[in-house]
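**Student:** I would like the atomic coordinates for the input below:
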Amino acid sequence: MRGSRGIRHKTRNLRLKVRDKRRIRIRRYLQTFDLGDLVAIAIDPRYQSIPHPRFNGNGGRIVGKQGRAYYVQIRDGEKIKKILTTPEHLVSLKT
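**Tutor:** Modelled structure (predicted):
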C-alpha cells in the first residue's frame with residue numbers, strides 16, 4: 001500500500017536541532033503580535049496545525065487574526081497570499 005502524502009509529510013524533523021527536541025517553550029506558544037508587525041514563518045514540527053512547508057522561511061506582515069491564529073500576508077512569486085498560522089510558527093522580525 002502506498003504511503004500518505006498529507007500536509008505533514010516529511011515534516012517531523014523539519015529544521016529541529018537535536019538539543020531542542022522535546023522542549024516546548026511556553027513563551028513562543030503565548031507570544032502576541034499586532035496588526036502590521038513583520039514576522040517570518042518558522043515551522044516548529046512539535047506543534048500541530050502547521051502552515052504548508054513550502055512557506056517555511058518566508059517573511060510577511062500580520063494582516064488579521066482569527067481566534068488564536070494570525071493571517072500573514074506573503075509574496076509567493078507574483079501573487080500575494082494570506083497564510084493562517086498559529087503564533088508558535090512565527091518569529092518576530094524587529095527592525
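**Student:** Figure out the length between the terminal residues of stretch 24-41.
**Tutor:** This stretch, stretch 24-41, spans 17 Å end to end (Cα to Cα, to the nearest Å).
**Student:** Need the contact partners of that stretch.
**Tutor:** Residues outside stretch 24-41 that contact it (Cβ atoms under 8 Å, 6 or more residues apart in numbering) are 44, 46-47, 51, 55-65, 70, 72, 74, 83, 85, 87-95. Backbone N, C-alpha and C define where each C-beta goes, glycine included.
**Student:** Let me know the helix or strand that residue 32 is in.
**Tutor:** Residue 32 is part of no helix or strand when elements are defined by DSSP states H and E.
**Student:** now swap in residue 27 and tell me
**Tutor:** Per DSSP H and E, residue 27 falls inside helix 26-29.
**Student:** Run the chain-centre distance for the following helix or strand past that helix.
**Tutor:** Using DSSP H and E, the helix or strand that follows helix 26-29 in sequence is strand 38-41. Using Cα atoms, centre = their mean, to the nearest Å, the mean C-alpha position of strand 38-41 is found 8 Å from that of the whole chain.
**Student:** Over strand 38-41, what's the mean pLDDT, rounded is fine.
**Tutor:** Mean pLDDT, strand 38-41: 96.
**Student:** That strand pairs with which strands?
**Tutor:** strand 59-66 (antiparallel), strand 90-92 (antiparallel) (DSSP bridges).
**Student:** which of those strands is buried the deepest?
**Tutor:** The highest mean neighbour count among the strands paired with strand 38-41, using mean count of other Cβ atoms under 10 Å, belongs to strand 90-92: a mean of 17.
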